[in-house]
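[1] Build me a model:
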Amino acid sequence: MFKKILAPVDLSEPEMTQRGIDAALELVKANGGELRVVNVQQLMPVAFMDFVPPTFDAELRENTQRELKEMAEKIALPPERVTTALRFGQIYPEILGEAEEWGADLIVVCSHRPTMATYLLGSNAKTIVRHALCSVLVLRD
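    Below is the predicted model of the structure:
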């Protein structure tokens with residue numbers, strides 16, 4: 001059914017990330033598909049650029065790619081069926097862009113329980129569900 005599954009991960013939320021990876025992995029194994037793990041790093045506001053070292057972007061990219069690679073190596077699939085992607089920008093547009101460019105037919109995204117902040121400001125999961133061109137599975141706590 002689902003052959004190309006995209007699993008966005010938040011490296012600062014290891015438990016939530018693992019839950020999403022586990023769910024995506026189960027679907028990949030059941031359908032013989034591929035898994036892409038994607039992380040989105042938000043761009044630093046220009047106002048903060050004077051306060052970070054000039055190598056900040058390169059170090060962030062290198063460290064995040066290393067973390068994604070380590071995460072992918074722990075996934076119980078042959079290496080040719082697991083890929084990673086690192087994108088920079090706003091979370092939901094980058095996830096939607098990765099899903100479209102890679103040809104994902106399912107996005108597995110974890111979401112916190114709704115709070116007043118997400119009712120007033122919105123959430124990434126809600127926007128992904130609303131605008132995705134493929135199916136979306138939302139996992140809750």
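[2] show me where pLDDT drops low in the chain?
    For the chain, the stretches with pLDDT under 70 are 45-46, 113-122.
[3] just the helices in it please.
    14-31, 56-74, 91-102, 116-121, 124-131 (DSSP state H).
[4] Mean neighbour count, those helices: which tops it?
    helix 91-102 (a mean of 19; mean count of other CB atoms under 10 Å). Every residue, glycine included, has its C-beta placed from N, CA and C.
[5] Just give the nearest non-adjacent residue to Asp10, would you?
    Distance criterion CB to CB, 6 or more residues apart in numbering; nearest residue to Asp10, sequence neighbours excluded, is Thr17 at 5.9 Å.
[6] Bridged to Val38, which residues?
    Pro8, Ala85 (DSSP bridges).
[7] Wait, it touches Leu86, no?
    Yes: with contact defined as CB atoms under 8 Å, Val38 counts as touching Leu86 (7.5 Å).
[8] Just want to know which of the two has more residues nearby.
    Set Val38 next to Leu86 and count neighbours by other CB atoms under 10 Å: Val38 wins out with 22 against 17.
[9] From Asp50, how far out is that one?
    Val38 is 30 Å from Asp50, where distance means CB to CB, to the nearest Å.
[10] swap in Glu80?
    Using CB to CB, Glu80 is found at 44 Å from Asp50.
[11] No further questions, thank you.
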